[in-house]
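Student: Below is the sequence, then the predicted model.
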Amino acid sequence: MFSSFTISGASLEVLNVGDRGTIAHFPRADPSTLSHLQELGLDRGTEITVTQRYPNFRVNTKDGHLTLPPSLVQAIYVRLMHGEISV
């Protein structure tokens with residue numbers, strides 16, 4: 001039986017407020033979505049912190065606050081930093 005395990009990366013959509021990480025890749029992104037992400041300054045290596053999940057999903061970057069629609073949240077995979085999620 002498993003006692004616990006840790007996760008070092010996850011889809012942005014499952015992270016909680018306060019979780020921090022670096023954008024690792026965009027597994028579900030079509031070219032239009034990738035273009036939109038880049039326009040917002042969200043690219044591989046960008047550090048983000050989840051600041052709100054409801055009613056809108058918000059993240060902080062070094063450049064400021066962003067409110068993201070569900071389609072963009074679902075497209076981002078994050079490598080977690082400092083305090084991995086323990087399940």
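Tutor: Thanks, I have it. Numbering: from 1, shown residues only.
Student: Identify the residue spatially nearest to Leu68, adjacent ones excluded.
Tutor: What sits nearest to Leu68 in space, not counting adjacent residues and going by CB to CB, 6 or more residues apart in numbering, is Phe57, at 5.0 Å. C-beta: built from backbone N, CA, C; applies to glycine.
Student: In contact with the residue nearest the centre of the chain, which residues?
Tutor: The centroid of the chain falls nearest to Leu12 when counting by CA atoms, centre = their mean (3.3 Å). Shown in contact with Leu12 (CB atoms under 8 Å, 6 or more residues apart in numbering): Ile48, Val50, Phe57, Val59, Leu68, Val73, Gln74, Ile76, Tyr77, Val78.
Student: Run a quick neighbour tally on Ile76.
Tutor: 26 (other CB atoms under 10 Å).
Student: Mind listing the residues bridging to the closest residue to Gly18 other than its chain neighbours?
Tutor: Here the nearest residue to Gly18 in space, its sequence neighbours aside, is Val50; by CB to CB, 6+ apart that works out to 6.7 Å. Listed beta-bridge partners, Val50: Val59 (assigned using DSSP bridges).
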